[in-house]
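Student: Got a predicted model here, sequence first, then my questions.
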Amino acid sequence: MVAPVAAPAPRADAAPGRGPGTRPWLAWLVVVPFLVYVGVFLVYPTGVVLAGAFQDADGAFTLENLAALGEGVHRQAFLRSVELSAWTALLGAVFGALLSWAVSVGRPDGLPRRVVVAGSGVLAQFGGVPLAFAFLATVGFQGFVTRLLKDVFGLDLFAGGAWLFEMPGLVLVYTFFQVPLMVIVFLPALDGLRPQWREAVDGLGGTAWTYWRHVGGPVLLPAFLGALLLLFANAFSAYATAAALVSQGSPIVPLQIRGALTGEVLLGQENVGKALGLGMVVVVAVAMSLYALLHRRFARWQ
């Protein structure tokens, strides 16, 4: 018969009540500033936009603001915004993926990788007035490259019109910060490809095409599509760069909102601007929801 083992007596110097759930208010003390920030700068503005989109100038309920989104310049602005976002997202995703692949095949601690990653972190946030000025100083009417090509080679970049201040120019400028963002988002997915998978394919007599067709491609596809949606939402919601570059007209939705809120064209259009903002919120929310679903699927391979 085995004698029962007595449980050790608690230490006299052990501090009582030090369990993980003893002081939950400490955790809330850390979270509260973040919640306040989100509430002031995200939840409250979204509520103002949502309420104003269904009100007229007198504060009465109306659907005319939402109906105006499908008419005339507002509909064209949404179509151009979607077109601009789609083109820049596609170009940024393709070139960013190629750059990410070129970096991933090198040494993990090599200088090229560190330079590209550090530069991407900076350039992905480089927008607004500084980016617009950089392009104006480079390929503007009197830009360095423009004058160099015209004086040395006789080439006029603006022979066909002021393309830099129209949709082609916005595509070029937006792609400048879309490519580094793609590198930041997609490079971890490439790093997640395990060398053992390639070795297994080679051991079974497969080719490089076999590996990318049946292993690498299916694993990277959700991450690529998710990054594509993220780039689309990033371009669709961008404002400062277009506002600094386009001084006349409002070809995209963010500039339409600026015109409605400041009364540049018509007075009393503030609630129409809020309806435009609500439309942008819906589009970005759908894109980010799809991105979250694709990211969850890719996370299984990490």
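Tutor: Right, received. Where do you want to start?
Student: Just give me the longest helix of the protein.
Tutor: When the chain is parsed with DSSP state H, its longest helix is helix 72-104.
Student: pLDDT score for Q125?
Tutor: Among the per-residue scores, Q125 holds a pLDDT of 88.
Student: helix, strand or coil for the residue nearest to it when sequence neighbours are not counted?
Tutor: Nearest residue to Q125, sequence neighbours excluded (Cβ to Cβ, 6 or more residues apart in numbering): F177, at 7.7 Å. C-beta: built from backbone N, CA, C; applies to glycine. Following DSSP: H, G, I helix; E, B strand; the rest coil, F177 is assigned to helix.
Student: quick one on the thing from earlier: so which elements touch the longest helix of the chain?
Tutor: Helix 72-104 sits against helix 111-123, helix 167-191, helix 217-236, helix 253-262, helix 270-299, with contacts defined as 3 or more Cβ pairs under 8 Å, 6 or more residues apart in numbering; DSSP states H and E.
Student: That one vs helix 111-123, what angle?
Tutor: Between helix 72-104 and helix 111-123, the angle comes out at 160 degrees (axes from the mean of the first three to the mean of the last three Cα atoms, to 10 degrees).
Student: what mean pLDDT does stretch 228-244 have?
Tutor: Stretch 228-244 comes out at a mean pLDDT of 93.
Student: Endpoint to endpoint, that stretch covers what distance?
Tutor: End-to-end distance for stretch 228-244, by Cα to Cα, to the nearest Å: 25 Å.
Student: Give me the distance between G273 and V215.
Tutor: Separation of G273 from V215 (Cβ to Cβ, to the nearest Å): 49 Å.
Student: neighbour count winner among those two?
Tutor: The residue with more neighbours, out of G273 and V215, is G273; 22 against 17, by other Cβ atoms under 10 Å.
Student: Give me the nearest residue to that one, chain neighbours excluded.
Tutor: Of all residues not flanking G273 in the chain, A260 sits nearest, at 3.1 Å (Cβ to Cβ, 6+ apart).
Student: Over to R198?
Tutor: Among residues not flanking R198 along the chain, Y211 sits closest, at 5.7 Å (Cβ to Cβ, 6+ apart).
Student: doesn't that neighbour fall inside a helix?
Tutor: Yes: assigned with three-state DSSP, Y211 falls within a helix.
Student: Can you get me a residue count around it?
Tutor: 18.
Student: ok now do it, which residues does it touch?
Tutor: Taking Cβ atoms under 8 Å, 6 or more residues apart in numbering, we find Y211 in contact with 197-198, 201-202.
Student: Which one of those sits in the busiest neighbourhood?
Tutor: Top of those by neighbour count (other Cβ under 10 Å): V201, with 19 neighbours.
Student: Tell me which helix or strand that residue sits in.
Tutor: Taking DSSP states H and E as the definition, one finds V201 inside helix 195-203.
Student: who does that helix touch, helix- and strand-wise?
Tutor: Using 3+ Cβ pairs under 8 Å, 6+ apart, the elements in contact with helix 195-203 are helix 208-211.
Student: And the helix it packs on, how far out from the chain middle?
Tutor: Helix 208-211 sits 31 Å away from the centroid of its parent chain (Cα atoms, centre = their mean, to the nearest Å).
Student: Now do the buried residues in that helix.
Tutor: Neighbour counts over helix 208-211 (16 or more other Cβ atoms under 10 Å) mark Y211 as buried.
Student: For it, give the mean pLDDT please.
Tutor: Helix 208-211 comes out at a mean pLDDT of 90.
Student: Quick check: closest non-adjacent residue to the most centrally placed residue in the chain.
Tutor: Centroid-nearest residue in the chain, with Cα atoms, centre = their mean: N234, separated by 3.2 Å. With sequence-adjacent residues excluded and distances taken as Cβ to Cβ, 6+ apart, N234 is closest to L181, at 6.3 Å.
Student: Look at that neighbour and say how many residues are nearby.
Tutor: 23.
Student: With the one 5 residues further on instead?
Tutor: In terms of burial, F186 registers 25 neighbours under the definition other Cβ under 10 Å.
Student: you'd agree it is up against F224?
Tutor: Yes: contact criterion Cβ atoms under 8 Å: F186 and F224 qualify, at 6.7 Å.
Student: Now list whatever residues contact both of those two.
Tutor: Common neighbours of F186 and F224 (Cβ under 8 Å, 6+ apart) are 93, 97.
Student: Thank you, goodbye.
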